[in-house]
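**Q** Could you look at this predicted model? Sequence included:
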Amino acid sequence: MRGLSRAGNGRAAAFAAAIAVVALVSIGSAASPSVISPPDLTSTASSGDGSFVPAAGDARGGLAIVHHAGGILLVATGVTGSTVLLHRTGYLGIEPTLGTDARGRVFAAAKRNDGVVLESLVIRSTDQGATWKDVSPSVGPVNPHAYSEDPYIYVDPATGRLFDDDLIVPCQLLSSSDNAGASWHHTLVACDESDHQTIFAGPPSTTAPVGYPGVVYDCAIGGGALSPTSTTTECDRSLDGGRTFLPGAPAFVAPLGRGPGAYGIPGFCDGATGHGFVGPDGTVYLPRGWCGQPWLATSRNEGLSWKRVQVASNGMPVDASGAFDHEAGAVADAAGNVYYFWVAHDRLPYLAVSRDHGRTWGSPMMIGAPGLKESSLPAIAIGGSGKIAMAYMGSTNSPGSPFPNELDCPPNKLVRFLLNCPDPPVYARVTWNGYVTTTASALDPSPTFVTSSINDLSDPLIVGTCGPIRCGAEFDFIAVQVAPDGTPWAAFIDACAPTLKCARAGELVVAHLIGDPSLR
C-alpha cells in the first residue's frame, strides 16, 4: 500500500496491541518508524463475526476469447471450452495475494472488519474455492497480524511452506507454517525496509541454505519511510527458511539528477517494485517500472549484486502528480526464457520475452483482447516452458487516450489522497473488470492467447478510475498463480458486490480457470 490515510484512536490502540503481542514472540532491530494507515472500511456491511456479507453462492465469470497479439480475434466469444469459476470468499480484502500447494489447497490474504481496525487474515480453501476457513497466525487467542499496513502471503511451491507477512512499522511481522496454517512460527524481519513488500523463494545460486532447501527473499521500498519519499528498492535474503534475514545490495537506486523523474524532480524514482521471482537456476528476477520505463533487475548471487536492463521503451503510465507506475511482473523457465508483463504508457498490457536469461528482449506484444481500451495492475505466473498466465484490471468503455490529467485536484499525490479527490467526471461511469490471459505458446513467433473476464461484464469489479498506480478498492496490485494441476487461480477485489454498491471497499473474490489446456 502506498501513500497516507487518516488513523483514528481505535486504530492506534489496535496497532499498540499488535506490537505488544509481537514483542512476546519475536525480536528485531530498531528502525525509524513510518506512519501509513489502512483505509477506513468501518462502514462496510458485515456479518456477525465481522466479515463481509457476500452475495449468495459462487458464479461463472465471463466467457473466453482467443486472439493473437494486438487484439486480433481468432475465435468468437464462448467457443473455447474455457470456464471461469468466480468464488466469493465472504471476506474483505485489499491488494490480494494467494498461493496453492501440491494437495490442492488454496490460500489467500484477506481482511475482517471488527469495527475498529481491519484485521489481517489468512484464509484457506480445501474444496477448490467453494468454502473458506480462517487459518490466520495466532499466539494463544490473539492474532499477532491483527494490524497491518501491507498484507502479503506466499506459498513456496517447492516445499508448501506458507508465509504471511504484514508491515507493522518499523518492521515486518513474518509468520510461516508448514502444516497449512494449523501452527505458525513468528519473527520480526526487514526493519531496514518499508512498505510494498514482496515475499518469494527459490533454489540457491551460490550459497547453501541451512535447514531449508531454498532461499527466501523479502524485497520492499527502502531509502525512505514512505514510497513517495523513497529512493531505493531493498532486498533481504534468508538462508534458513525465513527465520532470519540478511540485507543485500539495493536492486534499484534512484539516479538522482539524471533523466526523467517523478514530481518534476530529475532522476527521482521511488522504491516501489513488482513481485519478485526466482528462476529454476537460482537467478533472482525483480521487475518494476523505473523512471518511466519497464526495467528488470537480476541477481545471480542471492541479491549481493544486481544487473539492471531496460526491457522496452514504450513507457509506463504516469499519474496526475507525475509519479510513474511501478507494477510489473517477471517469471522464468528452466531454459532461461524470461517473460515480462507490464502496462505501458498507452495503458494497455504488454508481454516481452527474453531467450537469454533477461539480457536482451524481443519486441513487446500487446496481449489485451479485442475491445480493451485501458488496463492496470499487471500480474504474471508460470507453469511450464512457454506456458504463462497473466491477470490485470481492464476496461472496454474507458474514454481512452488522451487520458485526463485530473487538474480539478492538487497535483501532489499525497495531498490528493488526503483530500479524497473525486474521479475525473469523464470516468464517472467507466467500468472495470478482472481479466486473466493464458498462453501455452509464449515462445512461438505468433503466440495464441486466451483471455477470460473473471466477472460478468454487466457486473463490474470497479466503477470510476483504475490507475495509474492505484485502482480503487484493488489498491496497488492483484495476484495470479498456476496451481500444480496446471490451472490458473487469480485474486481480485469486488467493490461492486451487492451490499457495497461500488464503494471504495471490496470483497475478496478468487477466480479459477478450468477447461483450457494445462499450463504445466
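**A** Ah, there it is.
**Q** those helices in the stretch 1-150 of the chain, which residues are they?
**A** 9-25 (DSSP state H, counting those that start in this stretch).
**Q** which stretches of it aren't confidently modelled?
**A** For the stretch 1-150 of the chain, applying pLDDT under 70 flags the ranges 1-63, 75-81, 114-117.
**Q** what's the answer for the chain, then?
**A** Using pLDDT under 70, the flagged stretches of the chain are 1-63, 75-81, 114-117, 225-227, 320-321, 404-423, 498-504.
**Q** right, and residue 357 touches residue 335 too?
**A** No: when contacts are counted by C-beta atoms under 8 Å, residue 357 is not listed as touching residue 335 (9.5 Å). (Each C-beta comes from the backbone N, C-alpha and C, glycine too.)
**Q** Between those two, which is the more surrounded one?
**A** Neighbours per residue, other C-beta atoms under 10 Å: of residue 357 and residue 335, the larger number sits with residue 357, 17 against 13.
**Q** Contact partners for the more buried one?
**A** 279, 283, 298, 332, 336, 338 (C-beta atoms under 8 Å, 6 or more residues apart in numbering).
**Q** contacting residues around the third one?
**A** With contacts taken as C-beta under 8 Å, 6+ apart, residue 298 has the following neighbours: 283, 284, 285, 286, 306, 307, 308, 309, 357, 358.
**Q** Return the distance of it relative to residue 444.
**A** 24 Å (C-beta to C-beta, to the nearest Å).
**Q** how about the closest residue in space to residue 284 that isn't next to it in sequence, phi and psi?
**A** For residue 284, the nearest residue in space outside its immediate sequence neighbours is residue 299; the separation is 4.3 Å by C-beta to C-beta, 6 or more residues apart in numbering. Residue 299 adopts backbone torsions of phi -130, psi 130, taken as degrees, to the nearest 10.
**Q** Just give me the neighbour total for residue 299.
**A** Using other C-beta under 10 Å, residue 299 has 25 neighbouring residues.
**Q** same question, residue 402
**A** Neighbours of residue 402 using other C-beta under 10 Å come to 6.
**Q** Residue 64 now?
**A** 27.
**Q** Check residue 133 too.
**A** The number of residues near residue 133, taken as other C-beta under 10 Å, comes to 11.
**Q** What's the separation between it and residue 164?
**A** Residue 133 is 15 Å from residue 164, by C-beta to C-beta.
**Q** now residue 316
**A** From residue 316 to residue 164 the distance is 30 Å (C-beta to C-beta).
**Q** out of the two, which sits in the busier spot?
**A** More crowded of residue 316 and residue 164, by other C-beta under 10 Å: residue 164, with 29 against 25.
**Q** Run through the residues that contact the more buried one.
**A** Neighbouring residues of residue 164 by C-beta under 8 Å, 6+ apart: 109, 122, 136-137, 145, 151-153, 174-177, 184.
**Q** Do me a favour and get the backbone dihedrals for it.
**A** phi -120, psi 110.
**Q** Now it. Nearest residue, chain neighbours left out?
**A** Residue 164 sits nearest to residue 175 (C-beta to C-beta, 6+ apart), 4.7 Å away.
**Q** Adjacent strands (with direction) for the helix or strand hosting the one you found?
**A** Using DSSP states H and E, residue 175 sits within strand 172-177. Neighbouring strands of strand 172-177 in its sheet, by DSSP bridges, are strand 162-167 (antiparallel), strand 185-189 (antiparallel).
**Q** Need these in TSV (columns: distance to residue 228).
**A** Conversion of those to TSV gives the following (distance: least, C-beta to C-beta, whole Å):
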stretch	distance to residue 228
strand 162-167	16
strand 185-189	24
